[in-house]
Structures are given as structure tokens and as C-alpha cells.
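*Asks:* Would you be able to build a 3D model of this:
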Amino acid sequence: MTQNLPENLRYSAEHEWIDEASPANIGITRHAADALGEVVYVELPEVGDEVTAGEVCGEIESTKSVSELFSPVTGKVIAINEALEDEPGLVNEDPYANWLFQVEVASEGPLLSASEYEAQL
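*Replies:* Residues are numbered from 1 along each chain as shown. The predicted model follows:
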């Protein structure tokens, strides 16, 4: 069961991914996007907000349900992906290219490698 997980990303148990960039891009995994179904709305933290690793920082609404979005890191939000305001379905098309928000990372929560994340699925 391979999810074709990008090896250059790290993953949270709540199905978010984070890259190694600075500031870090954060999004949801293919597994999460597929489980949600068609994404119709994203509520993201605001630029300037402080997010805390493991805590809720937004919501993703699909035709099936509303799911909480958890931050994999602690830090300050410095950008959101504004394209998702008009086209939230971009998350379904390519959840790894369509990040949700960027954080200036102060500290990380527990993160998994691609193989560790895949093993927990």
C-alpha cells in the first residue's frame, strides 16, 4: 500500500505535511484529501497568528464532513495560500503542491518520516 509519499516531507499523525523550507509550507496529505472527499472550503489561520504544535489551527470542509486542521509545528503564520479561498478543490488535485499556510517555525511537534507515516496508515 504505497501512497507515493514525497520523501522530502515530514508528516504528523493528524495527516498534515511540512517541508524543510524556511519558512515552512504546511498542507494535508493525499490520504487526508482522499478521506475528506471534495474540499469545498478551507478556514486557515490568519497571517500573524501564532500556531501551536498539535493544536487546532483551522478547518477543512468537504462535501462529506468538516475536519479540524492541526499545526505540526509551533510558530508564527507568515502567509496563507490565497488561491484556496477561490478554489479549495486544488487541495484534492495535488495536496503536496497546494500548501495551506507557511510558518516561521519556533519548534516542531512529533513528526514522522514518509515511511513512518505510511506504516501508521
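*Asks:* Contacts only, for residue 92.
*Replies:* By C-beta atoms under 8 Å, 6 or more residues apart in numbering, residue 92 lies in contact with 33, 36, 38, 39. Every C-beta, even on glycine, is put in place using the N, C-alpha and C of the backbone.
*Asks:* now the strands for the protein?
*Replies:* Secondary structure of the chain (DSSP state E): strands located at 10-11, 16-18, 24-28, 39-43, 50-51, 56-62, 66-70, 73-80, 101-108.
*Asks:* what pLDDT does the nearest residue to residue 108 once chain neighbours are set aside get?
*Replies:* What sits nearest to residue 108 in space, not counting adjacent residues and going by C-beta to C-beta, 6 or more residues apart in numbering, is residue 73, at 5.0 Å. As predicted, residue 73 sits at a pLDDT of 98.
*Asks:* farthest-separated two in the contacts of residue 92?
*Replies:* The span of the contacts of residue 92, defined through C-beta to C-beta, is set by 33 and 38 at 9.6 Å.
*Asks:* Looking at those two, which one has more neighbours?
*Replies:* Using other C-beta atoms under 10 Å, the more surrounded residue of residue 33 and residue 38 is residue 33, with 23 against 13.
*Asks:* didn't that one look like it was pressed against residue 95?
*Replies:* Yes. Checked against C-beta atoms under 8 Å, the pair residue 33 and residue 95 is within contact range at 4.4 Å.
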